[in-house]
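> Take this sequence and fold it.
(chains A and B, ligands or ions: 2)
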Amino acid sequence: MNQLPTTTGKVIVCDGNEAAAWGACLSRPDMVAVYPITPQSSLVEYLAEFIADGRMDADLMDVEGEHTVLSVLHGAVLAGARTYSATSAQGLAFMFEPYFRTPGLRLPMVVSLVTRDAVSPTCVWGGQQDAMTVKEVGWIHMYCETQQEILDTIPIAYKVAEHPDVMLPVNVNHDGNYLSYGVARVELPPQSVVDAFLGEKQVNWHACLDPERPMAVDPLTGGAGGIGPSMFVKYRKGICAGMQDALRVIEEAHEDWGKRTGRYWSPLIEEYRMEDAEVALVTIGSMTGAAKDAVDTAREAGRKIGLVKIKTFRPFPAARIAQALSKVKAIGVVDRSVNFGWNCGPVFQEVLAAMYAQPVRIPMMSFIGGLAGADITVEHFATVVERTFRLAGGETAAGPVWLNEND
Amino acid sequence: MGVAFDSISFKASLCDGCGDCMTACSEAKSGASRISIVPGAKAGGYEAALCRQCGDPKCAQVCPSGALDKDGGNGVIGWDAAKCVDCLLCTAGCVYGGIAVDPNVSRVAKCDQCDGDPACVKVCPTGALEFRKAGSIFNEYGAKEDLFVPGLSGCQGCNSELIMRHAMRKIGRNSVLATPPGCIPGMGSVGYNGKTGTKVPVFHPLLTNTASMLSGIRRYYDRIGRKDIVVMALAGDGGTADCGFHAVSGAAERGEKVLYVCVDNEGYMNTGMQRSGTTPYGSWTSTTPVGEHMKGKTQDAKNLPLIMTAHKCRYVATASTGYMEDLYEKLDRAIEASFEGFSYLHIYSPCPTGWRIPSNKVIDACRMSVDSNFNPLWEYTNTTGLRFTHSPDNAYPITEYVKMIGKYRHLSPDQLAHIQAKVDEQVALLKLMAAESSPPPAAHRAPAGASTPAGAESSQPARREIARN
Ligand code: SF4
Ligand code: SF4
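Ligands and ions are numbered 1, 2, ... in the order given. Prediction:
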């Protein structure tokens, strides 16, 4: 959905990391904590530069590692700050301990994940293994397809995170290398538009550290018997409810953003040429562009094929996916990461689970490509299209298909 | 709650029964003596019957007319002659014989401590009677609000609870407190299942990130102009010296305006007494046990406060509950420094449970750890360098300290020699650092009126006390 903008923002040419930095800048966080890691480094350099130039009025905390990045932001949010950071792969892994507790504390934060494959074997290039590994923790995960979508999704993410019905942290994910360094035309919405969209920040009204409002934050909860476990269950159910409410809030926020900027991004999933499709591809992130080209080519050859792009991966829009895919004869799901132990990609497994509730069993096939920074080309997608049609024709699914194996 | 007053103490071992005190008292009061020296249970010994100025006085409880009343100001139980109906019930009510009958007038004779200058004490030739002003410092501390609830579930005699209560008394309500996993939240600072034990905003950070999350709080409060809030940690040694060290070191390097108090009980105590980076050489712990092949911890402790001086912190000090005035003075300076930069206070905290000390001997152990130079008391600022606040000279041998503590029970002569050598080495290094440092400017000396900047004077009587026990 890359229609031209209707607002009269400044147009620049930038890569995805700079687009993310602009998205953050326009959202006016009070505190930014950073630690560099490939392929995120230039993003935090942009932030530092914005702050140094006075373009961005935020406190920059250059700290000793990602564990501290998220920890200082925990403190800042509890004191009342809107915060931003970004990381990748090993940085995310080092951040995991505070990462794990962010949703439990219901801290509305936005952190960009510049997705990357995770070691070992040592690899500093793109992939989505990092983000997919933390999908069950309670953060909202949104994946972007283009540089413009990255920029726009960051203010949208703040709106979602700080919504009283949600109060959960959001990762805005963009593919390392491909989007982080790829350059495109990007429109900067006017600051006034973003300010009006976001309104007053809603950060620490529920849990705060302030001598004016003394409270104990995060008491020990649980243990055998009595009120403990049931309190713990209440917290857990609260996060589940926040996640489910987020499906609605994400749609509302995208709609509102669309009205103000003219850019209506698909909030949960995007359906592309699905009207009469007999076969469907499922994609996530930047690979979608090449996949759409492959769909167009197949359509030109008279083949009824469509595509579903997943934008919001957590909460998983299972009902919307099932609705979109319920009439096709075969589904090919392309992943940029691996689900060890299931011998498939993680997105494949999620779609499989969503489709299980359907009365009809639709054959599905897992494709894994774009690991370690490899491009997923139109040719790769031609293979995906071909194999998925063969699946529809009755061929047995044998997966996963490793797209880059013989590159 | 927690109020203590001046008192007259009597040491039976020094009394020779001369009765000068009684004479002096009856002269001063123009009537019967309010103190009676009587033969003691031990042959040749004496006991004194005198008013203890009880906190919950039985004399006042039995008095039907309200003539006896414990005055809130100085703690002395006052007698109102006008209200008294001369029933003398109070003389029977006091088990100490603290209220006498003056036979000349058949009215009670009640000690009033002679307005702070007792006649009896002045004449006592042996020093058996002493007017102890020491209680006045506790009046000062006791008057401050205890910011923890009474029902914290620390072990009996826990020194960490003492530190928590006193540190927060000094720091006060305008603070944000972080208590990472360990004994301090374990006893209920953050609370359990919705309850809290602390009256200031309190957070239970990760074991690993206390200094980091405090940095975030402080930075934001500075940003919005709330610069007077003390942002502080009460953390254990594990979360400070071991897995939390990157955060402490990073925050110190950045000069974050945080007060970081490390309560060092030399191990992971609330999880079952495992060794930490500050566990001293030779200690028994559950992960450095004593057996055929291993005799306690085989490595020396990390000297964390010394490491912090290398971070050029605004303020670094060691302290002990064995020397409370020193601790309170250091808290003052640490708080002040925390508005300028990273402020680090390392407080030694014997753990009666994990170290195998009887709970009534914890403070003795605190004192001996200082007096044997096992834990020397010093402070450091990034402008004046290091100085001792308690003389490290004429220290007891380390054997006097380790024999008080069960976790060292197994030590061999070789191990003891190793510990003594390390203690001597440490003091020599500290002395070198102190000698290299310029003398502290006035601002860093003890505030006027506090008489023990070097701690030496106050330490000497204490040493004699322990030596006698
Ligand atoms: S202290 Fe004063 S009032 Fe008390 S017994 Fe001695 S002289 Fe009497
Ligand atoms: S004699 Fe004692 S009990 Fe009786 S009224 Fe006087 S003070 Fe009270």
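> any idea which helix is longest in chain B?
helix B:413-436 (DSSP state H).
> Who are the contact partners of the closest residue to A:Glu251 other than its chain neighbours?
Nearest residue to A:Glu251 in three dimensions, chain neighbours excluded: A:Pro267, at 4.6 Å (Cβ to Cβ, 6 or more residues apart in numbering or on different chains). For the C-beta atoms, the positions are set from N, CA and C on the backbone; glycine is no exception. Listed by Cβ atoms under 8 Å, 6 or more residues apart in numbering or on different chains, the contact set of A:Pro267 reads A:250-251, A:253-255, A:311-312.
> what stretches of the stretch 351-469 of chain B score poorly on pLDDT?
Along the stretch 351-469 of chain B, segments meeting pLDDT under 70 span B:438-469.
> same thing but at 50, please
Within the stretch 351-469 of chain B, the set of residues satisfying pLDDT under 50 comprises B:440-469.
> in it, what residue is nearest ligand 2?
Per Cβ to the nearest ligand atom, B:Asn360 is where the stretch 351-469 of chain B lies closest to ligand 2, at 35.4 Å.
> Then that residue would be within a strand, right?
No. Secondary structure of B:Asn360 (DSSP: H, G, I helix; E, B strand; the rest coil): helix, not part of a strand.
> list the contacts for it?
B:Gly157.
> run the last query once more with 10 Å
B:156-157, B:352 (Cβ atoms under 10 Å, 6 or more residues apart in numbering or on different chains).
> And it, how close does it get to B:Gln156?
Separation of B:Asn360 from B:Gln156 (Cβ to Cβ, to the nearest Å): 9 Å.
> what's the overlap in contacts for these two?
In contact with both B:Asn360 and B:Gln156: B:Pro352, using Cβ under 10 Å, 6+ apart.
> Endpoints of stretch B:103-112, how far apart?
From its first residue to its last, stretch B:103-112 covers 19 Å (Cα to Cα, to the nearest Å).
> And the contacts of that stretch?
By Cβ under 10 Å, 6+ apart, stretch B:103-112 touches B:8, B:25-26, B:29-35, B:50-53, B:59, B:63, B:67-68, B:71, B:74, B:76-79, B:81, B:84, B:86-91, B:94, B:98-102, B:118, B:120.
> so what's the residue of the stretch 151-300 of chain B found nearest chain A scoring on pLDDT?
The stretch 151-300 of chain B approaches chain A most closely through B:Gly216 (2.8 Å), counting by Cβ to the nearest Cβ. With respect to pLDDT, B:Gly216 has a value of 98.
> Is it in contact with A:Ser85, as I believe?
No. Applying Cβ atoms under 10 Å, one finds B:Gly216 not in contact with A:Ser85, separated by 11.2 Å.
> overlap in contacts of the two?
A:31, A:33, A:61, A:63, A:69-70, A:72-73.
> Quickly name whichever of those residues is closest to ligand 2.
Nearest member of these to ligand 2, counting by Cβ to the nearest ligand atom, is A:Val72, at 63.9 Å.
> Spatially, what comes nearest to the closest one if we skip its sequence neighbours?
The spatially closest residue to A:Val72, leaving aside those adjacent along the chain, is B:Gly216, at 3.5 Å (Cβ to Cβ, 6+ apart).
> Which residue does the stretch 301-450 of chain B have closest to ligand 1?
B:Glu325 (26.3 Å).
> Got phi/psi on that residue?
phi -60, psi -40 (degrees, to the nearest 10).
> can you check B:Gly385 too?
Main-chain dihedrals, B:Gly385, degrees, to the nearest 10: phi 80, psi -150.
> If I follow the layout properly, it ends up in contact with B:Ser437?
Yes. At 2.5 Å, B:Gly385 counts as touching B:Ser437 under the criterion of Cβ under 10 Å.
> ok, back up a step: take the contacts of stretch B:103-112 and keep only those in strands.
B:8, B:68, B:77-79, B:99-102 (DSSP state E).
> got a winner among those residues for most neighbours?
Of all the ones in strands among the contacts of stretch B:103-112, B:Ile99 has the most neighbours under the rule other Cβ atoms under 10 Å in any protein chain shown, reaching 27 neighbours.
> Pretty sure that residue sits against B:Gln53.
No. When contacts are counted by Cβ under 10 Å, B:Ile99 is not listed as touching B:Gln53 (11.3 Å).
> quick one: common contacting residues for the two?
B:77, B:111.
> that's a helix at B:Ile357, yeah?
No. Counting by three-state DSSP, B:Ile357 is not part of a helix but coil.
> if I look at B:Asp6, how far off is A:Pro98?
B:Asp6 is 51 Å from A:Pro98, by Cβ to Cβ.
> out of the shared contacts of B:Gly216 and A:Ser85, which are buried?
A:31, A:33, A:61, A:63, A:69-70, A:72-73 (16 or more other Cβ atoms under 10 Å in any protein chain shown).
> Now B:Ala178: phi and psi?
Here B:Ala178 shows phi and psi, under degrees, to the nearest 10, equal to phi -120, psi 130.
> so where do the helices sit in the stretch 101-250 of chain B?
Taking DSSP state H, counting those that start in this stretch, the helices of the stretch 101-250 of chain B run over residues B:119-123, B:135-143, B:159-171, B:183-186, B:210-223, B:245-254.
> same question, the stretch 1-150 of chain A
Under the criterion DSSP H, counting those that start in this stretch, the stretch 1-150 of chain A contains helices at A:16-26, A:41-52, A:66-79, A:89-94, A:96-101, A:129-133, A:147-161.
> Now these in TSV, please, with extra columns for mean pLDDT.
Formatted as TSV, these follow (pLDDT from 0 to 100):
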stretch	mean pLDDT
helix A:16-26	98
helix A:41-52	97
helix A:66-79	98
helix A:89-94	97
helix A:96-101	97
helix A:129-133	97
helix A:147-161	98
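> For those, state which one has the densest average packing.
helix A:66-79 (a mean of 29; mean count of other Cβ atoms under 10 Å in any protein chain shown).
> between that one and helix A:41-52, how many degrees?
40 degrees (axes from the mean of the first three to the mean of the last three Cα atoms, to 10 degrees).
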